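After the sequence you'll find the predicted model.
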Amino acid sequence: MRIRLGLVAVAALLSGAAAAQDRSVTIASWGGSYQEAQSKALFVPAAAATGIAVKEETYGGMSDVRLQVSSGVVTLDIVASGSGSAARAAAEGLLEKLDYTIIDISDFYPGLATDYCVGGDVFSTVYAWNTATYGDAGPQSWADFFDVEKFPGKRAYRNKVAGALEPALMADGVPMEEVYKVLDSEEGIERAINKIRELKPHIDVFWSSGAQHAQLIKDGEVDMTTGWNGRFDNAAKDGGKVKYSFNQALLDYDCFAIPKGAPNKDAAMAFLAEISKPEYQDDLPKYITYGPTNKAAYDTGVIDAATAATLPSSPANAALQLPVSLEWYAKWETIADEMYQEMLTE
């Protein structure tokens with residue numbers, strides 16, 4: 001009997017060891033330099049620290065998650081997503097609810113995590129200008145961007161509603177903290193669209209991608225444009241005559257989510273907890289110019305003052321900006337974009 005019990009105990013220990021060794025997650029992101037940065041700063045060191053094996057894949061976004069969940073064959077445990085895409089996916093029931101007793105977001109900026117997606121990096125939608133046209137004295141507010149007498153010249157603006165309406169309302173005099181209250185009705189949405197309608201004769205291009213808006217300003221095809229700060233940083237590094245301001249910018253983020261029915265949900269939750277820590281997020285700017293979502297990453301000493309000054313989520317820059325409301329996008333984006341597209345085709 002003693003021998004049999006001993007064998008049972010050994011078998012249990014071996015089984016537990018095998019289970020620990022089998023902890024793994026499959027993570028999907030968008031490839032390229034972005035995923036390379038995530039891998040170096042987050043995935044590889046977190047795998048070493050936790051013992052959770054990581055398999056990386058690239059994917060086409062939440063449409064891939066939708067296909068897996070609807071088919072009942074889910075192979076992905078963690079996916080990188082835009083905040084708006086994650087909000088819509090959550091509304092469709094495509095994501096697992098995150099456990100914030102495991103994932104510590106106590107030092108995160110407000111609004112950079114939801115029940116279904118935890119922030120991984122921060123970027124900003126800003127107004128940028130061509131210094132060949134305006135020098136350093138470019139627009140310093142959305143009201144300036146919309147003021148064609150004070151700042152004559154060609155504009156570019158986004159061809160989708162995301163990030164388009166908030167600037168228009170601020171240009172129309174709505175205080176930053178009141179923007180989403182005003183937008184919480186069709187009348188408020190129409191007010192924003194009407195402001196863009198006024199500017200439309202001066203908008204030469206309605207851009208559809210980050211690469212496009214950066215190229216437009218770099219080539220001097222437009223004098224100012226809306227767009228994403230990291231793209232303008234890259235354009236400037238490539239010799240583009242471009243500057244931008246964080247004042248009244250839209251603070252947005254990419255995040256990590258767990259698809260509904262993920263095969264390794266528990267390991268995924270533990271892994272998200274690990275990569276949300278400041279000692280991982282402070283490494284991200286070494287590889288790509290996006291800011292951490294965890295404020296404590298600025299206190300570790302890894303991000304120097306010069307680098308911090310360029311990042312959207314640094315305390316000084318974040319204080320100037322309007323955090324994007326995912327609740328508003330989940331409720332209104334479909335309706336607002338239909339209204340916006342009507343204006344574009346007028």
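Happy to help now that I have it. Numbering: from 1, shown residues only.

residue boundaries of the helices in the stretch 51-200 of the chain?
62-71, 83-91, 131-134, 142-146, 165-171, 179-182, 186-199 (DSSP state H, counting those that start in this stretch).

between the ones you listed, which gets the lowest average pLDDT?
Of all the helices of the stretch 51-200 of the chain, helix 83-91 carries the lowest average pLDDT, namely a mean of 89.

what about this structure, any weak spots by pLDDT?
Along the chain, the model assigns pLDDT under 70 to residues 1-22, 32-33.

For F151, see how far away N130 is.
In this view, N130 and F151 are 11 Å apart by CB to CB, to the nearest Å. (Each C-beta comes from the backbone N, C-alpha and C, glycine too.)

Neighbour count for the two, which is higher?
Using other CB atoms under 10 Å, the more surrounded residue of N130 and F151 is N130, with 24 against 19.

tell me the contacts of the more buried one?
Applying CB atoms under 8 Å, 6 or more residues apart in numbering, we find N130 in contact with G153, I217, G220, V222, D223, M224, K241, V242.

Let's verify the second one: helix, strand, or coil?
The three-state label given to I217 by DSSP: H, G, I helix; E, B strand; the rest coil is helix.

And it, how close does it get to T75?
Distance, I217 to T75, by CB to CB: 40 Å.

Which of these two has more residues huddled nearby?
A direct count of neighbours by other CB under 10 Å for I217 and T75 places I217 higher, at 29 against 14.

Counting by contacts, list what the longest strand along the chain packs against.
Longest strand of the chain, by residue count under DSSP state E: strand 242-257. In terms of contacts (3 or more CB pairs under 8 Å, 6 or more residues apart in numbering; DSSP states H and E), strand 242-257 is packed against strand 78-82, helix 83-91, strand 118-130, helix 165-171, helix 229-237, strand 322-323.

a markdown table please, covering the contacts of N130 and showing distance to Y253.
As requested, these are exported to a markdown table (distance: CB to CB, whole Å):
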| residue | distance to Y253 |
| --- | --- |
| G153 | 31 |
| I217 | 23 |
| G220 | 31 |
| V222 | 27 |
| D223 | 29 |
| M224 | 24 |
| K241 | 29 |
| V242 | 23 |
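
quick one, the helix or strand following the longest strand of the chain and strand 78-82 angle?
Sequence order places helix 265-275 as the next helix or strand after strand 242-257, per DSSP states H and E. Taking axes from the mean of the first three to the mean of the last three CA atoms, to 10 degrees, one finds helix 265-275 and strand 78-82 inclined to each other by 60 degrees.

Can you name the residues in contact with the helix or strand just after helix 265-275?
Sequence order places helix 278-281 as the next helix or strand after helix 265-275, per DSSP H and E. Outside helix 278-281, the residues within contact range by CB under 8 Å, 6+ apart are 41-42, 45-46, 107, 121, 274-275, 292-294, 296-297, 299-300.
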